[in-house]
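# Sequence first, predicted model second:
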Amino acid sequence: MQLLDGKVLSLQIKQELAAEVAEIKSQNGKIPHLVAILVGTAGRSETYVASKMKSCEEVGMHSTLIRFDDSVSEEELIQAVRDVNENPDMDGLIVQLPLPAHISADRVMETIDPKKDVDGFHPINIGRMAKGLPAYISATPQGILEMLKRYAIETAGKHCVVVGRSQIVGLPMSILMQRNTYPGNCTVTLTHSRTLNLAEICRSADILIAALGRPEFITADMVKDGAVVIDVGLERVPDLTKKSGFALKGDVNFDEVAPKTSYITPVPGGVGLMTICSLMQNTLKAARGEVYH
Ligand code: GUN
């Protein structure tokens, strides 16, 4: 078993990004600029956004956080998105999800200029990704592809099982893993809460991607010997032995599954760190006008 080490990879990628940011700065004075819109203070969004902003600063990019109360109206939020769209100094924009129930996330996402949609959530980017055209790809799936690439994991002809059909991870991941490229060329099965015989399907996976958001759901009996296991989950579970009172768990029961695998991502220290790197890579692409000319 070998760990797919998000810590090592993300440090490498951050160094590469810092060098590239310094280069475009010296060439034309341009500093890539990521803007995040955060609504409310509930859940873990605040922590996630703070770490995105901090990572940008670490590699020399600019970052701006625009905050709203939970009570913000959909129109106000949409106007803030339009303002960023029109600001030539701002290259990339993310609106952290989830949004309060009175706001349509779809409407907000559709307002983001696809050229600045570094999260890859706009229907145009999802459509272009599905067609294999240049597009911004959702940060977590892109981070997983980067991990597979940097560890030179063979994917062609493999059976890839994705557990979870979220718009952000499961769905794009299933599309990306079947594309006629590397990493890709897998036979993909996308499973979800209504899937019958889930354990049996998972056991047939050469590459198992768990993105369902249920702590330690994937157990050893669901994993084939020698499989590559990617764990997208990150949940807090009560743990009185920890000072904080909780432990961070993935969707995979790491202790029992790891010995069976050829490669596995740890939680924390796996996919999560790659997600932030993808977002910065996309912001750099936006600043360079690489995806849309
Ligand atoms: N909420 C959970 N993950 C994400 C993400 O990758 N981007 C945004 N905007 N919101 C999220």
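Right, received. Where do you want to start?
# For V84, pull up the helix or strand it's in.
helix 74-86 (DSSP states H and E).
# Following the chain past that helix, name the next helix or strand.
That would be, after helix 74-86 and using DSSP H and E, strand 92-95.
# tell me the contacts of the residue of the stretch 51-200 of the chain found nearest the ligand?
Using Cβ to the nearest ligand atom, the single residue of the stretch 51-200 of the chain nearest to the ligand is L97, 3.7 Å away. Bear in mind the C-beta positions are built from the backbone N, C-alpha and C, glycine included. For L97, the contact set (Cβ atoms under 8 Å, 6 or more residues apart in numbering) comprises 45, 105, 168.
# residues in contact with stretch 23-32?
21, 60-62, 91-92, 283-284, 286-288.
# Swap in 7 Å and give it another go.
With Cβ atoms under 7 Å, 6 or more residues apart in numbering as the test, stretch 23-32 has contacts from 21, 61-62, 91, 283-284, 287-288.
# For these, work out which two are farthest apart.
Farthest pair in the contacts of stretch 23-32 (Cβ to Cβ) is H62 and R288. Separation: 14.8 Å.
# Provide the secondary structure category for D106.
helix (DSSP: H, G, I helix; E, B strand; the rest coil).
# How many residues are close by it?
Neighbourhood size, D106 [other Cβ atoms under 10 Å]: 11.
# Show the pLDDT at it.
As predicted, D106 sits at a pLDDT of 97.
# In contact with D251, which residues?
210-215, 217-218, 231-233.
# can you give me phi and psi for it?
Backbone dihedrals for D251, given as degrees, to the nearest 10, come out at phi -80, psi -10.
# From L34, how far out is it?
Using Cβ to Cβ, to the nearest Å, D251 is found at 28 Å from L34.
# H62 and R288: who's more crowded?
Neighbour count, other Cβ under 10 Å: between H62 and R288, H62 has more, with 18 against 13.
# Contacts only, for the closest residue to the more buried one other than its chain neighbours.
Once flanking residues are discounted, H62 sits nearest to H33: 4.0 Å by Cβ to Cβ, 6 or more residues apart in numbering. With contact taken as Cβ under 7 Å, 6+ apart, H33 is in contact with 61-62, 64, 89-91.
# of these, buried ones?
Among the contacts of H33, those buried by neighbour count (16 or more other Cβ atoms under 10 Å) are 61-62, 64, 90-91.
# And the strand or helix carrying S63, what's buried?
In this structure, S63 sits in strand 62-68 according to DSSP H and E. Within strand 62-68, the residues scored as buried using 16+ other Cβ under 10 Å are 62-64, 66, 68.
# now stretch 138-155
Here stretch 138-155 shows 138-148, 153, 155 as buried, counting by 16+ other Cβ under 10 Å.
# Quick one: mean pLDDT over it.
On average, stretch 138-155 scores 98.
# again with stretch 63-83
Across stretch 63-83, pLDDT averages out at 98.
# same question, stretch 26-36
Mean predicted lDDT for stretch 26-36 stands at 96.
# Using PDB, write out every CA atom in it.
Once non-C-alpha atoms are left out, stretch 26-36 reads as follows in PDB (Å, rounded to 0.1, in the frame of the first residue of the first chain):
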ATOM      1  CA  SER A  26       7.600  40.200 -13.900                       C
ATOM      2  CA  GLN A  27       6.400  39.900 -17.500                       C
ATOM      3  CA  ASN A  28       3.400  42.300 -17.400                       C
ATOM      4  CA  GLY A  29       2.900  43.300 -13.800                       C
ATOM      5  CA  LYS A  30      -0.300  41.200 -13.600                       C
ATOM      6  CA  ILE A  31      -1.100  39.500 -10.300                       C
ATOM      7  CA  PRO A  32      -3.700  36.700 -10.500                       C
ATOM      8  CA  HIS A  33      -6.700  37.600  -8.300                       C
ATOM      9  CA  LEU A  34      -9.200  35.200  -6.800                       C
ATOM     10  CA  VAL A  35     -12.500  36.500  -5.300                       C
ATOM     11  CA  ALA A  36     -14.600  34.500  -3.000                       C
END
